[in-house]
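A.B. asks: After the sequence you'll find the predicted model.
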Amino acid sequence: MVYRQKVKHSPDAIRLGGISHRVASQIEGLTNIECRVTILGHLLRGGIPSAADRILATRYGVESVHLAQKGEFGKMVALQDNKLTSVNISEVAGKMRPLTTNDSLIKTAVSLGICLGVPVGANLNDYYVDPSPKSQKAPAEALQAGKK
C-alpha cells in the first residue's frame, strides 16, 4: 500500500510504502519459508485493479494454497468456464494457444483500444499470421507480407 501525505511546512508530498517487504521478512522469520513480494502495480501496469481483479486474484491465491495443502504440486490454477480448476503445468508449459482475429479476446481488446502492435484502424486480418503448420511462410515473413 502506498500512501501520499503532505508534510507540515513542506510543499511536497511524501511517499510512504514498502511494508510488503517487512511483512515478507517477518513471515520468513516465523515460518522458515521463502517469501517473495509482488508489487501489484508493477505486475499489472494496466491501471488500478478493479474489484473483479482483486476477487479473482484472491480466488487464485486461495485455490493455490488448497492445492499445496493437498500436496498437489506441479499444477497451476486455471479459470475454465468461470470455475477454478487445476491443470498440470506440463500440459501447458512451453505451448502456445494461438488466437485468430475472430477470437473474442482479440475483439474485446480492439474494442477497448488496446494496442495489438498494428496501426489504429488497420484491418487485423492484414497482420494475421497463420499459426498452423500448413503455413508456408515463417512468422516474420508472413507478418511483413501482411503489412504490404
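C.D. replies: Cool, the structure landed. Numbering: from 1, shown residues only.
A.B. asks: Next, count neighbours for Thr85.
C.D. replies: 12 (other CB atoms under 10 Å). Bear in mind the C-beta positions are built from the backbone N, C-alpha and C, glycine included.
A.B. asks: Longest helix in the protein, please.
C.D. replies: If you go by DSSP state H, the chain has its longest helix at helix 51-69.
A.B. asks: Run through the residues that contact Tyr72.
C.D. replies: Actually, residue 72 is Glu. It isn't Tyr. Residues near Glu72 by CB atoms under 8 Å, 6 or more residues apart in numbering: Ser86.
A.B. asks: gap between it and His66?
C.D. replies: Per CB to CB, to the nearest Å, Glu72 is found 8 Å from His66.
A.B. asks: now Leu124
C.D. replies: Distance, Leu124 to His66, using CB to CB: 39 Å.
A.B. asks: before we move on, what about Val92?
C.D. replies: Val92 is 19 Å from His66, where distance means CB to CB.
A.B. asks: What of Ile39?
C.D. replies: According to CB to CB, Ile39 stands 25 Å off from His66.
A.B. asks: Thr100 now?
C.D. replies: Per CB to CB, Thr100 is found 35 Å from His66.
A.B. asks: circling back: going by neighbour count, list what's buried in the longest helix of the chain.
C.D. replies: Of all the residues in helix 51-69, those buried under the rule 16 or more other CB atoms under 10 Å are 63-64, 67.
A.B. asks: Please apply the same query to stretch 90-108.
C.D. replies: Within stretch 90-108, the residues scored as buried using 16+ other CB under 10 Å are Ile106.
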